[in-house]
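Novice: Sequence below, structure please.
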Amino acid sequence: MSASMRAALLGWWKFTSFHVELEHTGECVDIYGVDPLGGLVITDDRMMSFITSRERADKDAAALVETMMAYPGSYDIEDEERLVIKVDAAWDPAWVGSEQVRFFNVDGDTLSITTAWQTHRKFPGRTVRGVLTGQRA
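Specialist: Predicted structure coming up:
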């Protein structure tokens, strides 16, 4: 990994969009709404991500958890575009201790991140990937 690639990724990124793309249909679903809240902070060796929907009026705890995602961890960059996050805490206990793979691109002050194709509990029996965009804050 080049030092310039790591340097380009460092900092605070404010999320501007996030959607889930369904593999077989190409359909895109804004699971955190069209204007999500949240961001990503990346230091030399750690990262932390938080995203939530602006429409969180429901006070039911289970519904609130379903409208957010948050996790910190250490990370490595592989092949100039592959971010591998070693999660050490998470809103979803199943993620603790996992490795989350992301593919990223930095173009000036715009960050694009795509997850690997995977299953998701909100879309049973389907393969999806997350597609996120952020701006340097």
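
Novice: Grab the CA positions of the worst-scoring helix or strand of the chain on mean pLDDT and hand them over as CSV.
Specialist: Here the helix or strand of the chain ranked lowest by mean pLDDT, DSSP states H and E is helix 61-66, holding a mean of 81. The C-alpha trace of helix 61-66 is given here as CSV (Å, rounded to 0.1, in the frame of the first residue of the first chain):
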residue,chain,number,x,y,z
ALA,A,61,-35.5,0.5,21.0
ALA,A,62,-35.6,-2.3,18.4
ALA,A,63,-36.7,0.1,15.7
LEU,A,64,-34.0,2.5,16.6
VAL,A,65,-31.3,-0.1,16.3
GLU,A,66,-32.6,-1.1,12.8
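
Novice: buried set for the helix or strand following that helix?
Specialist: Once the chain leaves helix 61-66, the next helix or strand it forms, by DSSP states H and E, is strand 68-78. By neighbour count on 16 or more other Cβ atoms under 10 Å, the buried set for strand 68-78 is 68-73, 75. Yep, even glycine has a C-beta here, placed from its N, CA and C like the rest.

Novice: low-confidence ranges in the chain?
Specialist: Within the chain, the ranges that satisfy pLDDT under 70 run 1-2.

Novice: Would you map the helices across it?
Specialist: Taking DSSP state H as the test, the helices found in the chain are 3-9, 61-66.
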